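**Student:** Sharing a sequence plus its predicted fold:
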Amino acid sequence: MQYTCYTLSVVRRPETLETEVLFDLLASELASVGFDSFDSQDGEHLLAYIPTELIEGNEALTELLSTPILEGVELSYSSEQMPDINWNEEWEKHYFQPIVLGEEACLVRAPFHAPRPEIPLEVIIEPKMAFGTGNHETTALVGSWLLEHDLSGLRVLDMGCGTGILGIIALKRGARHLTAIDIDPWAYDNVQENAQLSGVTIQEMICGDASSLEGKAPYDLILANITRNILLEDMPRYRAVMAPGARLVLSGFYEEDAPQLIARGAELGLSLVSQRSRQRWTSLELQLA
């Protein structure tokens, strides 16, 4: 398949918005109009890949690239048609290497990587989006938390599931039910594919936002690796579907944002159990009494 690479650079952004966070948000938007792979290794540019056949007549793509995704953000971009090559090999050589989470507890790999039988738990991800493969600190933080806890028999919600890696780990750790929700249509097929590759079944997959939670049965564990503002807005909806003693694990924000989220949790009757950080990125474990 022929691909075109768009190279996006930040011309202007608010001082309070980190470039890495902006690239996460931009990749999510681009995925909704046909892009299926991303790379931001140098921290200065976002490389976004789209099948060339999807560009012509793609009004949604044209509108997205010409309209600021956030107030105060200005981007420049260029595009280049890529040679017709084996993209699995390119991913393997240049970006997505197998990742080990926890103390040699879980291997996250692509189908084209060799298995490692000595590692007890394996998650297989078809890498259509770099930010959902475990490379990002927030995914690793929550993934490590899951590997340290007994999830046997729990009803779990993975909110903003992306590739589904966190929910899949929860199922591998003994969860009896998983609801996976993401606002982006690309996630629906990708999550189902990754679950099948990893040998688990997702009981409920929803394309939508937190409003989809209305009327749901209570959950024992909620995972929400999104962004600070969305978390602050949606935490009351999470609280409404938490069983007594349920835990809420949040990530997707920086250390300096943690006090605001902890305070919001306290307003909702959620107490802080633990906090961990990795390169300024932070996760919180909150619990309902």
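**Tutor:** Received, thanks. Numbers count the residues shown, from 1 in each chain.
**Student:** Which secondary structure state does residue 186 sit in?
**Tutor:** Secondary structure state of residue 186, per DSSP: H, G, I helix; E, B strand; the rest coil, is helix.
**Student:** same question, residue 221
**Tutor:** Following three-state DSSP, the label given to residue 221 is strand.
**Student:** Could you report the neighbour count for it?
**Tutor:** The local packing count at residue 221 equals 22, with neighbours defined by other CB atoms under 10 Å. Every C-beta, even on glycine, is put in place using the N, C-alpha and C of the backbone.
**Student:** State the next helix or strand along the chain beyond the helix or strand of the chain with the lowest mean pLDDT.
**Tutor:** For the chain, scoring each helix and strand by mean pLDDT, DSSP states H and E identifies helix 87-94 as the least confident one, at a mean of 59. Using DSSP states H and E, the helix or strand that follows helix 87-94 in sequence is strand 99-101.
**Student:** ok, then the element right after that next one?
**Tutor:** Using DSSP H and E, the helix or strand that follows strand 99-101 towards the C-terminus is strand 106-109.
**Student:** Mind listing what's buried along the strand or helix carrying residue 50?
**Tutor:** Element membership of residue 50 [criterion: DSSP H and E] is strand 45-51. Using 16 or more other CB atoms under 10 Å as the test for burial, strand 45-51 gives 45, 46, 47, 48, 49, 50.
**Student:** pretty sure the fifth one contacts residue 5?
**Tutor:** So the one you mean is residue 49. Yes: using CB atoms under 8 Å, residue 49 is in contact with residue 5, at 5.4 Å.
**Student:** Mind listing the shared neighbours of these two?
**Tutor:** Shared contacts of residue 49 and residue 5 (CB atoms under 8 Å, 6 or more residues apart in numbering): residue 82.
**Student:** mind listing the strands for the stretch 101-250 of the chain?
**Tutor:** Residue ranges of the strands in the stretch 101-250 of the chain, as given by DSSP state E, counting those that start in this stretch, are 106-109, 121-124, 155-159, 177-182, 204-207, 219-225, 242-254.
**Student:** any chance of these in JSON lines, plus mean pLDDT and distance to residue 82?
**Tutor:** Listed next are those as JSON lines, based on pLDDT from 0 to 100; distance: least, CB to CB, whole Å:
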{"stretch": "strand 106-109", "mean pLDDT": "92", "distance to residue 82": "24"}
{"stretch": "strand 121-124", "mean pLDDT": "94", "distance to residue 82": "25"}
{"stretch": "strand 155-159", "mean pLDDT": "97", "distance to residue 82": "33"}
{"stretch": "strand 177-182", "mean pLDDT": "96", "distance to residue 82": "27"}
{"stretch": "strand 204-207", "mean pLDDT": "94", "distance to residue 82": "29"}
{"stretch": "strand 219-225", "mean pLDDT": "97", "distance to residue 82": "30"}
{"stretch": "strand 242-254", "mean pLDDT": "95", "distance to residue 82": "31"}
